[in-house]
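Participant: Take a look and give me a structure for this.
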Amino acid sequence: MSDLPKCPVCGSGYTYEDRNLYVCPECAHEWGTDTVDERTDTKRVVNDAYGTVLNDGDTVTVIKDLKIKGTSSVVKVGTRVKNIRLVDGDHDIDCRIDGIGAMQLKSAFVKKAQ
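Facilitator: Residues are numbered from 1 along each chain as shown. Here you go, the predicted structure:
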């Protein structure tokens, strides 16, 4: 097995060395052999109210009545939200709720559905 570094852009393990460059055949990224990128992937981990790790595409259940700012509508306890998308920020879940529409939720008010 080769000890060549993985591509810092796409993470491909099929890199090869060309003179003083590393080349990724999958995304065509080139970087110098003298610059070792020690960047670690610090992917943000989002947990639900009970500590379970959430991922994009998961289904969650709301655990508390949530008033929707600017309206008289409420997201009721037990509402299932399918196909969530994790984003950066205070409200770290982007989703679409049936009957209400697109909105953002805090992960502290949901639990991962089984």
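
Participant: just checking, residue 90 touches residue 105?
Facilitator: No: the pair residue 90 / residue 105 is not scored as a contact, 10.6 Å apart, by C-beta atoms under 8 Å. (C-beta placed from N, C-alpha, C; glycine too.)

Participant: Look at the two and report which has more neighbours.
Facilitator: residue 105 (19 against 6; other C-beta atoms under 10 Å).

Participant: Tell me which strands the least confident helix or strand in the chain by mean pLDDT pairs with, and in which orientation.
Facilitator: Ranked by mean pLDDT, DSSP states H and E, the weakest helix or strand in the chain is strand 30-32, scoring a mean of 87. Next to strand 30-32 in the sheet, as set by DSSP bridges, lie strand 21-23 (antiparallel).

Participant: Following the least confident helix or strand of the chain in sequence, what is the next regular element?
Facilitator: strand 46-47 (DSSP states H and E).

Participant: got the contact list for residue 94?
Facilitator: Contacts of residue 94 were listed using C-beta atoms under 8 Å, 6 or more residues apart in numbering, and they are 84, 85, 86, 87, 102, 104.

Participant: Can you pick out the most distant pair from those residues?
Facilitator: 86 and 102 (14.9 Å; C-beta to C-beta).

Participant: what about residue 18, distance to residue 56?
Facilitator: 35 Å (C-beta to C-beta, to the nearest Å).

Participant: which residues does the spatially most central residue of the chain contact?
Facilitator: Most central in the chain under C-alpha atoms, centre = their mean is residue 86, positioned 4.7 Å from the mean C-alpha point. By C-beta under 8 Å, 6+ apart, residue 86 lies in contact with 44, 46, 54, 55, 56, 92, 93, 94.

Participant: Thanks a lot, catch you later.
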